[in-house]
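Student: Need a 3D model of the sequence below.
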Amino acid sequence: MNPKAPLKIAILLSGGGRTLQNIQNAICREALDARIVVVIASNPECYGVTLARQLGLPVHIVSRKTFGNTAGFSQALWAIVRQAQAELVCLAGFLSLITIPEDFAGRVINIHPALLPAFGGKGMFGHHVHEAVLAAGCKVSGCTVHYCDQTYDTGPILVQRTCPVEEEDTPDTLAARVFEQECIAYPQALQLIAQGRVTLEGRRARIRL
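Tutor: The predicted structure follows:
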């Protein structure tokens, strides 16, 4: 019997590419049975583009500003994803809302730097999230890997990891602690999918042992 082929993934990013690097590191150390087949950036000037090229990955720029609406932007993006024959799309600090077509329903995931459903939604990204967690006086924070639907941060939750919120935390120190958990959670979630262990049942993502 032939071994299962690596999961073919597309990475969508808008920033520095730390999550891209984390996923590629997991692949290189054989902790993740996947292969990045394309990287798509919404910001042509972000460092993620430079990083992807340094890693020898195919990179495309699809800038939201060049399209009059979300539909046209999404159509251009999905054309690239399909051409690359990606099986799963991973949002990695991708800040533009996209419309998910029927053939990719249940095939798009994202990581959020808080414990959803708290501190999610439009405008809740990056330091905005950590500032909100600190303002709320939370004692615990963390990250959430979830499936994407047509709105922000509302799809089925796949993996969550936690970390403490310390008394003297700033948004920067909390962000660093949360990112340590992101580096574990995203490859873990991807590997579950690569192993065929995840089933979506309504709003729940069930994981088989």
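
Student: Just the pLDDT at the closest residue to Arg203 other than its chain neighbours, thanks.
Tutor: In space, and not counting its chain neighbours, Arg203 is closest to Pro156: 5.3 Å by CB to CB, 6 or more residues apart in numbering. Where C-beta positions appear, they are placed from N, C-alpha and C, glycine not excepted. pLDDT for Pro156: 97.

Student: you'd agree Pro156 is up against Ala205?
Tutor: Yes. Pro156 is within contact range of Ala205, at 4.2 Å (criterion: CB atoms under 8 Å).

Student: the more surrounded of these two?
Tutor: Comparing Pro156 with Ala205 by other CB atoms under 10 Å, the one with more neighbours is Ala205, at 22 against 18.

Student: before we move on, the earlier item: quick one: contacts for the residue nearest to Arg203?
Tutor: His146, Tyr147, Leu200, Gly202, Arg203, Arg204, Ala205 (CB atoms under 8 Å, 6 or more residues apart in numbering).

Student: Just confirm Asn159 is within a strand.
Tutor: That one is not Asn; residue 159 is Val. Yes. Assessed with DSSP: H, G, I helix; E, B strand; the rest coil, Val159 lies in a strand.

Student: Mind listing the residues bridging to it?
Tutor: Taking DSSP bridges as the rule, Val159 bridges to Val145.

Student: From Ala132, how far off is it?
Tutor: 21 Å (CB to CB, to the nearest Å).

Student: For Leu95, report the pLDDT, please.
Tutor: 86.

Student: so it, which of the three states?
Tutor: Classification of Leu95 by three-state DSSP places it in coil.

Student: now stretch 80-87, how far from the chain's geometric center?
Tutor: 17 Å (CA atoms, centre = their mean, to the nearest Å).

Student: Over to it now: how far is its first residue from its last?
Tutor: 12 Å (CA to CA, to the nearest Å).

Student: pLDDT on it, on average?
Tutor: In this model, stretch 80-87 has a mean pLDDT of 98.

Student: State the pair within the contacts of Pro156 that is farthest apart.
Tutor: His146 and Gly202 (13.9 Å; CB to CB).

Student: which intervals of this structure have sub-threshold pLDDT?
Tutor: Residues of the chain that meet the criterion pLDDT under 70 lie in 1-3.

Student: Now with 50, please.
Tutor: Applying pLDDT under 50 to the chain flags residues 1-2.

Student: Report all helices and strands that the biggest helix by length in the chain contacts.
Tutor: Of all the segments of type helix in the chain, defined by DSSP state H, the longest one is helix 171-194. Using 3 or more CB pairs under 8 Å, 6 or more residues apart in numbering; DSSP states H and E, the elements in contact with helix 171-194 are strand 7-13, helix 18-28, strand 34-41, strand 88-92, strand 108-112, helix 127-135, strand 140-147, strand 157-164.
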